[in-house]
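In: pasted the sequence and its predicted model underneath.
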Amino acid sequence: MLKLIIVSAIIFVLAVVMTMAGRGGGNFYVLTLVLVGMPMHQAATTGQFILFMTAFAAMFIFQKHKKVSWALALFIGPLTALTALAGGYLSHQFSGFALKLVFSGMLALAGGLMLFPINEKEANLSLKKHGFWRLKSAEST
């Protein structure tokens, strides 16, 4: 019981910090759950659920401050939900070890990409060129 309370507190703090930073945090939820001994399949599924609930709660808070781009949310939301459902449904075809390898590989790739600097001017020009992504960002409103 104490272990559950500690893990819940850790995940709550992660969820608050990651939401405030505008990040999902799903990789941290999965890592936390795996480190406390939860099997990889359950950790991934539980991490997806935590991520969904965190995003859902954050949506209400950000909407109070008019910071939600509904056109973008309505495009990305269903797409993300469908791919998460497909991933969860198909994950039983892979071993927990294989999923851990993919998970750690994706984290390493994401970490490596963060080492490269982003030219803000080029990024803004690129955003303006691509149709749907020309939506006003929450920062400009």
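Out: Done, it's in. Numbers count the residues shown, from 1 in each chain.
In: sort out which residues of the longest helix belonging to the chain are buried, please.
Out: Ranked by residue count, the top helix of the chain under DSSP state H comes out as helix 40-64. In terms of neighbour count (16 or more other C-beta atoms under 10 Å), helix 40-64 has its buried residues at 40, 43-48, 50-51, 54-55, 58, 62. Where you see a C-beta, it was placed from the backbone N, CA and C, and this is true even at glycine.
In: and for stretch 12-22?
Out: 14-15, 18-19.
In: what residues are up against the residue nearest in space to the middle of the chain?
Out: Geometric centre of the chain, nearest residue: G24, 3.0 Å, by C-alpha atoms, centre = their mean. For G24, the residues meeting the contact criterion (C-beta atoms under 8 Å, 6 or more residues apart in numbering) are 18, 51, 54-55.
In: tell me which of the residues you listed is nearest to V102?
Out: Distance to V102 across these (C-beta to C-beta) is lowest for L51, with 17.1 Å.
In: that closest one against G26, yeah?
Out: Yes - between L51 and G26 there is a contact under C-beta atoms under 8 Å: 4.4 Å.
In: any low-confidence regions in this protein?
Out: Low-confidence regions of the chain, defined by pLDDT under 70, span residues 121-141.
In: quick one: the helices in it, in order.
Out: Assigned by DSSP H, the chain shows helices spanning 2-21, 26-35, 40-64, 70-90, 96-113, 120-129.
In: chain center to the longest one: distance?
Out: By that I understand helix 40-64. Its chain's average C-alpha position is 8 Å from that of helix 40-64, according to C-alpha atoms, centre = their mean, to the nearest Å.
In: got the angle for it vs helix 26-35?
Out: With axes from the mean of the first three to the mean of the last three C-alpha atoms, to 10 degrees as the basis, helix 40-64 and helix 26-35 are set at 140 degrees to each other.
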